[in-house]
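>>> here is the input, now give the coordinates:
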Amino acid sequence: MRRPATAAPFVIGTVLAGTLLLTGCGGSASGSESGSGGAELSVNSSYMPQPVSDSMAAGFLTIVNKGDAKDELTSVSSEAAGDVTVHETVGGAMRQVDRLAVPAHGRLVFRSGGNHLMFDELKRKPEKGQTVTVDLHFAKSGDLRVEMPVKSATYNPATGH
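The predicted model follows:
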């Protein structure tokens, strides 16, 4: 039995709505590079500590690559900020970078005191309990959209408080 041509947009819209709904739960997202043997990226443990500043905030997450190929995070964007930059911390020194590698069968971790995202020129100050939408852009894989929950300013992911 053939479905009418108008059913396809409804099905696609339903699948996309379900995907966005699931993406919002737990501050995670997933996607993959087309074709076999590529990167298979997902995001977990994302959060933003409630910023103390009206203009700047930090963000943390883990990008997991279960695929056979490495990829690179090349940029990050968010409607919540005028600019989002990627920073790495090496030997206690922080510096802005234009890309970070996501190794095959590995992780790229953003945590307090290490790699992190900086949200500059906040359009509104995010409050605990809200979410901030973030788009991660990769060199090879498609973009990933992440719903980053805003936690207390003193949130510790190791304890959940």
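
>>> where does pLDDT dip in the protein?
By pLDDT under 70, the weakly predicted segments of the chain are 1-37.

>>> how about residue 142, phi and psi?
Main-chain torsions, residue 142, degrees, to the nearest 10: phi -70, psi 170.

>>> same thing with residue 93?
Dihedral pair for residue 93: phi -100, psi 130, per degrees, to the nearest 10.

>>> quick one: the strands in the chain?
29-32, 40-49, 56-65, 71-77, 81-90, 93-97, 100-102, 106-110, 116-122, 131-138, 144-151 (DSSP state E).

>>> what strands line up against the second one, and which way round?
So that's strand 40-49. Using DSSP bridges, the strands paired with strand 40-49 in its sheet are strand 29-32 (antiparallel), strand 56-65 (antiparallel), strand 144-151 (parallel).

>>> possible to save these as CSV with distance to residue 157 and mean neighbour count?
Every C-beta, even on glycine, is put in place using the N, C-alpha and C of the backbone. Shown next, in CSV, are the strands paired with strand 40-49 (distance: least, CB to CB, whole Å; neighbours: other CB atoms under 10 Å):
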stretch, distance to residue 157, mean neighbour count
strand 29-32, 17, 19
strand 56-65, 7, 22
strand 144-151, 8, 22
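
>>> adding distance to residue 92, write those out as TSV.
Below are the strands paired with strand 40-49 laid out as TSV (distance: least, CB to CB, whole Å):
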stretch	distance to residue 92
strand 29-32	31
strand 56-65	16
strand 144-151	24
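
>>> quick check: which of these is nearest to residue 113?
In terms of CB to CB, the element of these nearest to residue 113 is strand 56-65, at 10.1 Å.

>>> could you tell me the angle between that closest one and strand 131-138?
In terms of direction (axes from the mean of the first three to the mean of the last three CA atoms, to 10 degrees), strand 56-65 departs from strand 131-138 by 50 degrees.

>>> any idea how far strand 56-65 is from the middle of the chain?
When C-alpha coordinates are averaged (CA atoms, centre = their mean, to the nearest Å), strand 56-65 and its chain have centres 6 Å apart.

>>> need the CA coordinates for it. PDB is fine.
Provided in PDB are the C-alpha atoms of strand 56-65 (Å, rounded to 0.1, in the frame of the first residue of the first chain):
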ATOM      1  CA  MET A  56      29.700  36.100  30.400                       C
ATOM      2  CA  ALA A  57      29.300  32.400  31.200                       C
ATOM      3  CA  ALA A  58      31.100  29.000  30.900                       C
ATOM      4  CA  GLY A  59      29.800  25.700  29.600                       C
ATOM      5  CA  PHE A  60      31.000  22.100  30.000                       C
ATOM      6  CA  LEU A  61      30.200  18.800  28.300                       C
ATOM      7  CA  THR A  62      31.700  15.600  27.000                       C
ATOM      8  CA  ILE A  63      31.800  14.700  23.300                       C
ATOM      9  CA  VAL A  64      32.000  11.000  22.700                       C
ATOM     10  CA  ASN A  65      33.200   9.400  19.400                       C
END
